[in-house]
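Asker: Here's a sequence, model it:
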Amino acid sequence: MRTADIHRNTAETQIDVTVNLDGTGIYTVSTGIGFLDHMIEQLSRHSLIDMDVKTVGDLHVDQHHTTEDTAIAIGEAVAKALGDKRGISRYGSVYSPMDETLTRVSLDISGRPWLVFKAPFTVQRIGEWDTEMVEHFFHSFAQAAGITLHIENLYGSNNHHIVESCFKGLARALRQAVEIDPRKADAIPSTKGML
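Answerer: Coordinates of the predicted model:
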């Protein structure tokens with residue numbers, strides 16, 4: 001079983017995350033930010049990665065620390081569960097439609113974290129979540145997980161749909177990338193011999 005537990009405690013947040021990469025998309029999520037909970041639930045359900053995420057953050061200040069630290073903890077848990085990355089497919093790429101919206105997500109579990117994020121927002125908040133935190137979530141996740149991540153919203157007008165298509169796209173691409181390739185289940189997917 002490719003599982004991991006992360007406990008992250010700072011002066012700003014207390015976070016417990018458990019993931020199972022070989023799960024079925026079962027989740028329990030509580031961050032104190034409703035729309036962020038909904039997006040992490042989508043990430044779990046559509047990646048088939050079981051996730052238990054509990055965050056208590058300093059929301060009386062703002063949403064920055066809660067968003068960032070939750071993404072870091074999830075990314076660290078995914079990286080830890082991947083271990084030496086032996087046998088993984090490594091790459092994932094999907095087009096993620098949601099009604100009038102279409103988003104492209106591509107990723108490489110490379111050990112070289114990078115984010116390219118292109119998505120326009122026309123509102124400052126969705127529910128109570130600040131839209132400027134969307135890119136920050138993906139950046140923090142990519143850095144902690146060691147993933148090269150490209151997310152580009154190709155078109156769309158509804159901000160909720162744009163964000164959700166980004167998260168669902170990440171989920172489906174991640175699902176592809178963490179899958180074990182049965183033809184090379186014993187090999188690290190790199191000519192370097194490590195990732």
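Asker: Which helix or which strand is home to the residue nearest the centre of the chain?
Answerer: Residue closest to the mean C-alpha point of the chain, counted by Cα atoms, centre = their mean, is residue 141 at 5.7 Å. Using DSSP states H and E, residue 141 falls within helix 132-145.
Asker: and the helix or strand that that helix is followed by, which strands flank it?
Answerer: Following helix 132-145 in sequence order, the next helix or strand is strand 148-155 (DSSP H and E). Using DSSP bridges, the strands paired with strand 148-155 are strand 101-108 (antiparallel), strand 114-118 (parallel).
Asker: Strand 148-155: what's the following helix or strand?
Answerer: Downstream of strand 148-155 (by DSSP H and E), the next one is helix 159-178.
Asker: Quick check: which of the strands paired with strand 148-155 is buried the most?
Answerer: strand 101-108 (a mean of 22; mean count of other Cβ atoms under 10 Å). Placement of C-beta: from N, CA and C, glycine included.
Asker: Okay, angle between it and helix 159-178 too, please.
Answerer: 30 degrees (axes from the mean of the first three to the mean of the last three Cα atoms, to 10 degrees).
Asker: quick one: contacts of strand 101-108?
Answerer: The contact list for strand 101-108 (Cβ atoms under 8 Å, 6 or more residues apart in numbering) reads 90-97, 119, 147-158, 161-162, 165-166, 169-170, 172-174, 177.
Asker: Kindly recompute the last result at 6 Å.
Answerer: With Cβ atoms under 6 Å, 6 or more residues apart in numbering as the test, strand 101-108 has contacts from 91-96, 147-156, 161-162, 165-166, 169-170, 173, 177.
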